[in-house]
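K.L.:
Give the three-dimensional model of this entry:
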Amino acid sequence: MNEIQDLQLRIDEAFSGIRFPSSPADLYDPISYTLGLGGKRLRPLLVLASCQMFGGEIDDAIHPAIGIELFHNFTLLHDDIMDAAPLRRGKETVYKKWNSNVAILAGDTMFALANKYMLRTRHQAVSPVVELFNQTAIEVCEGQQYDMDYEHRQDVTIADYMEMIRLKTAVLLAASLKTGAIIAGAGTADCNYIYDFGINIGLAFQLKDDLLDVYGVQEKFGKVSGGDIVAGKKTYLYLKALESAGPQSEDFRSLYASHAIGSNEKITKVKEIFDQLHIEQHTRKLIDEYYQKALHELSCISLSGEAMEALREYTAGLMEREN
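P.N.:
Numbers count the residues shown, from 1 in each chain. Just a heads-up that it's a prediction; the model follows:
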């Protein structure tokens, strides 16, 4: 894992070196604040890991890696406004600390800055990298719109949900990997394989997040679990339970949508139904199916297994995480 740790250090150093103008303060202070909240910085790491795996120069990839992380944080900043979320990574969200107008404008600026960073790579890679970035940005927005639409729809299917998380989560992970490959000069087939690897890893990653929101987190780490249940979010776990509940499906739908009972009672009752219907096992099985698809795509790449080991080991860790 030393390769991954070295790349993480390089990313941290790059972000610590970013300096924004001091004025107007209400534009740039929220951006600095947002980036200072930290996070896994998974996406820039995937850019660098992919570039390195295909024999590229990290110096050519570091600025697009920053650009993708700026874009990701822009989406979180705007998502927090849409979700009326008071906290992000344990700290006040920008719109709560300042206000919604400040948060919107700071997010817009982050998107513009992200585009500027995407241009700072070797000349031959600029056009395909920027084209991929902008198409991905459109798809992420499509995913967010579907997510908001599904809050008010009662006919959402598992297929609908999987397409939504493909757009909202998986395409940016896939684009991160493909960006690194393009910068390194990888062939078209290998770029497509690494992209498809990222899509499947992204789907498995989001399903694991859904699972951890309900199972095991509080007991292991002292975090409150069941937030998706309290909010009535239509996750895979809910949709699979609804599909499996048979004659009791309408009663379950009413319970899940209810705000008339206390949060702890609602979580307990829903988890009991999940347990009766073996939803945890169904979810873990689907996570593994997507992970195996991802490994298959990785195996198709025209590199030695040794060259891909660091990326394989890192993504295995993402699948095994319990927080």
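
K.L.:
G39 is in what secondary structure piece?
P.N.:
Under the criterion DSSP states H and E, no helix or strand holds G39.

K.L.:
residues contacting the nearest residue to it once chain neighbours are set aside?
P.N.:
Leaving out its chain neighbours, the residue that sits closest to G39 by C-beta to C-beta, 6 or more residues apart in numbering is R89, at 6.3 Å. C-betas here are computed from N, CA, C, even on glycine. R89 is in contact with L37, G38, G39, counting by C-beta atoms under 8 Å, 6 or more residues apart in numbering.

K.L.:
of these, the lowest pLDDT goes to which?
P.N.:
In terms of pLDDT, the weakest of those is G38, which scores 78.

K.L.:
and that one, how many residues sit next to it?
P.N.:
G38 has 11 neighbouring residues, counting by other C-beta atoms under 10 Å.

K.L.:
What's the separation between the nearest residue to it once chain neighbours are set aside and S23?
P.N.:
In this structure, G38 finds its nearest non-sequential neighbour in R89, 6.5 Å apart by C-beta to C-beta, 6+ apart. Counting by C-beta to C-beta, to the nearest Å, the gap from R89 to S23 is 27 Å.

K.L.:
if we can go back for a sec, phi and psi next, for the residue nearest to G38.
P.N.:
Here is the backbone geometry of R89 (degrees, to the nearest 10): phi 60, psi 40.

K.L.:
I138 versus that one, what's the distance?
P.N.:
For R89, the distance to I138 equals 26 Å [C-beta to C-beta].

K.L.:
Past the helix or strand harbouring L295, which element shows up next along the chain?
P.N.:
Element membership of L295, judged by DSSP H and E, is helix 279-299. Note on helix 279-299: by DSSP H and E, the next helix or strand toward the C-terminus is helix 309-320.

K.L.:
Next, the angle helix 279-299 makes with that next one.
P.N.:
Following axes from the mean of the first three to the mean of the last three C-alpha atoms, to 10 degrees, one obtains 170 degrees for the angle between helix 309-320 and helix 279-299.

K.L.:
buried sites along helix 309-320?
P.N.:
Buried residues in helix 309-320, counted by 16 or more other C-beta atoms under 10 Å: A310, L311, R312, Y314, T315, L318, M319.

K.L.:
what do you get for stretch 68-86?
P.N.:
Neighbour counts over stretch 68-86 (16+ other C-beta under 10 Å) mark 68-81 as buried.

K.L.:
cool, and stretch 36-45?
P.N.:
Going by 16+ other C-beta under 10 Å, stretch 36-45 has these buried residues: R41, L42, R43, P44, L45.

K.L.:
Which of the residues you listed sits closest to Q206?
P.N.:
Distance to Q206 across these (C-beta to C-beta) is lowest for L42, with 12.2 Å.

K.L.:
quick revisit: in helices only, show me the buried residues of stretch 68-86.
P.N.:
Those of these mapping onto helices are 68-81, per DSSP state H.

K.L.:
Which single one of the residues you listed is nearest to E272?
P.N.:
D79 (30.7 Å).

K.L.:
ok, now which ones touch that closest one?
P.N.:
For D79, the contact set (C-beta under 8 Å, 6+ apart) comprises A85, Q144.

K.L.:
Least confident secondary structure element in this protein?
P.N.:
Within the chain, no helix or strand scores below helix 217-221, which has a mean of 49 by mean pLDDT, DSSP states H and E.

K.L.:
I'd like the next helix or strand past that helix.
P.N.:
On the C-terminal side of helix 217-221, the closest following helix or strand by DSSP H and E is helix 227-231.

K.L.:
which helices and strands does that next one pack with?
P.N.:
Applying 3 or more C-beta pairs under 8 Å, 6 or more residues apart in numbering; DSSP states H and E, we find helix 227-231 packed against helix 188-214, helix 236-244, helix 263-276.

K.L.:
So which bits of that helix are buried?
P.N.:
Here helix 227-231 shows D228, I229, V230 as buried, counting by 16+ other C-beta under 10 Å.

K.L.:
Mind putting those residues into TSV with distance to N134 and pLDDT?
P.N.:
Converted to TSV, the buried residues of helix 227-231 look like this (distance: C-beta to C-beta, whole Å; pLDDT from 0 to 100):
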residue	distance to N134	pLDDT
D228	31	93
I229	36	95
V230	36	93
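
K.L.:
can you redo these as CSV with distance to Q248?
P.N.:
Compiled in CSV, the buried residues of helix 227-231 are given as follows (distance: C-beta to C-beta, whole Å):
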residue, distance to Q248
D228, 20
I229, 17
V230, 21
